[in-house]
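Student: kindly return the folded structure for what I paste below:
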Amino acid sequence: MLCVQNLSVTFTMYDRGLSQKQTTAIADLELHINAGEVVAVVGSSGSGKSLLAHAILGILPKNAHVTGKITYNNEYLTYKRQVELRGKDIVLIPQSVSYLDPLMSVGKQLSRIARLRGLSTNASQQIIDQVLARYKLAPSVKQLFPFQLSGGMARRILVAMAVIGQANLVIADEPTPGLHPEVVVETLNHLRELADEGKGVLLITHELEAALQIADKVAVFYAGTTVEIAAKTDFTHRGKALRHPYTQALWRSLPQNEFIPVSGTQPNPDTLPLGCLFAERCPIATTDCLTHRPPLREVCNGLVRCIHA
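Tutor: Just a heads-up that it's a prediction; the model follows:
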């Protein structure tokens, strides 16, 4: 359904005075999503997760220079096509409920989504009521404004918008932070249901453990690139089935595993190293790792960017 190949995003920014600098936020990023599949994207802050979503939707700022190739249903995703599909066939469930219009009732916001499908007023209301019932929201919710919703209710409204619009690709950007554990499970299950109906779901999250509850595969980002794409079943025991040292360290840092912190810091996007982006923190790095950026290659039914895998 979605294929991202060699995606790079560079921002032109002012440094001192009128001098400019180039900041590479995403470099040679790869990702594939099939219909009926949940692909989780995990990684630390600044690894390019949300930027990927913005690149797919075509909502990057004007100072962004994008290279690489993004295809959707085997057609090149040009800016014109992004505008045509955005909010209809491809939708974003944002990480903040503040994306809901604070001056418009929930019912009017849902109706606006329904109208994009060209439905009559009666048909729109029927579908809205059906979707609200599906997510255990009373019809009276339509009269409420966003500030009157609980966090869990607001999250369900955002998911309902994606369902009402009948999008085939759903991008959920950090949909669970700050929610009660029961609401987290509920939100994730809703996303899994969408995938089971044949939609593609891109789940962007910091929470690896939560992602593994519903994901079919996990893409691990580091410093703006994909270091590994692994099946959900590879995240077991001490992570011996994982291929990249960073993915292994990420898995072992969880409290329920060995709770071992990852030493060092992620490289600055202004001064990315020539070689492997994780080399300075990697316990098995060699001279070759410092001088050559490894390609993404297939190892044991997964993809990894490491010469030692």
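
Student: residue 192 - how many residues pack around it?
Tutor: Around residue 192 there are 17 other residues, counting by other C-beta atoms under 10 Å. From N, CA and C alone the C-beta is placed, and that goes for glycine too.

Student: got it, and residue 252?
Tutor: Other residues within reach of residue 252 by the criterion other C-beta under 10 Å amount to 16.

Student: pLDDT below threshold where in the chain?
Tutor: 178-179 (pLDDT under 70).

Student: from the centroid of it, which residue is nearest?
Tutor: Geometric centre of the chain, nearest residue: residue 204, 2.9 Å, by C-alpha atoms, centre = their mean.

Student: start and end of stretch 115-125, how far apart?
Tutor: 10 Å (C-alpha to C-alpha, to the nearest Å).

Student: which positions in it come out as buried?
Tutor: Across stretch 115-125, burial judged by 16 or more other C-beta atoms under 10 Å covers 119, 124-125.

Student: narrow the residues you listed to those in strands?
Tutor: Taking DSSP state E, every one of the buried residues of stretch 115-125 sits outside strands.

Student: tabulate those (CSV), appending distance to residue 155.
Tutor: Below are the buried residues of stretch 115-125 laid out as CSV (distance: C-beta to C-beta, whole Å):
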residue, distance to residue 155
119, 24
124, 22
125, 22
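
Student: which SS class is residue 3?
Tutor: For residue 3, the assignment made with DSSP: H, G, I helix; E, B strand; the rest coil gives strand.

Student: for it, list each beta-bridge partner.
Tutor: Legend: beta-bridge partners of residue 3 under DSSP bridges are residue 32, residue 71.

Student: contacting residues around it?
Tutor: 31-32, 69-72 (C-beta atoms under 8 Å, 6 or more residues apart in numbering).

Student: same check on residue 166?
Tutor: Residues in contact with residue 166 (C-beta under 8 Å, 6+ apart) are residue 117.

Student: help me confirm that it is found in a helix?
Tutor: No: according to three-state DSSP, the state of residue 166 is coil, so it is not within a helix.

Student: now it: how far from residue 15?
Tutor: Separation of residue 166 from residue 15 (C-beta to C-beta, to the nearest Å): 46 Å.

Student: please apply the same query to residue 279.
Tutor: 26 Å.

Student: how about the strands in this structure?
Tutor: All strands of the chain, identified by DSSP E, fall at 2-14, 20-33, 38-42, 64-72, 75-76, 90-93, 169-173, 200-204, 217-222, 225-231, 297-299, 302-304.

Student: looking at these, spot the one closest to residue 132.
Tutor: strand 90-93 (16.3 Å; C-beta to C-beta).

Student: the closest one - contacts with which helices or strands?
Tutor: helix 49-57, helix 151-164, strand 169-173 (3 or more C-beta pairs under 8 Å, 6 or more residues apart in numbering; DSSP states H and E).

Student: ranking the ones you listed by burial, who's on top?
Tutor: Stretch with highest mean neighbour count among the helices and strands packed on strand 90-93: strand 169-173 (a mean of 24; mean count of other C-beta atoms under 10 Å).

Student: so what does it touch, helix or strand wise?
Tutor: helix 49-57, strand 90-93, helix 181-196, strand 200-204.

Student: make CSV from the ones you listed and add distance to residue 107 to it.
Tutor: What follows is the helices and strands packed on strand 169-173, written out as CSV (distance: least, C-beta to C-beta, whole Å):
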stretch, distance to residue 107
helix 49-57, 25
strand 90-93, 19
helix 181-196, 20
strand 200-204, 26
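
Student: of those, which is nearest residue 135?
Tutor: For residue 135, the closest of the helices and strands packed on strand 169-173 is helix 181-196, at 6.8 Å, according to C-beta to C-beta.

Student: list the buried ones in the closest one?
Tutor: 183-184, 186-188, 190-195.
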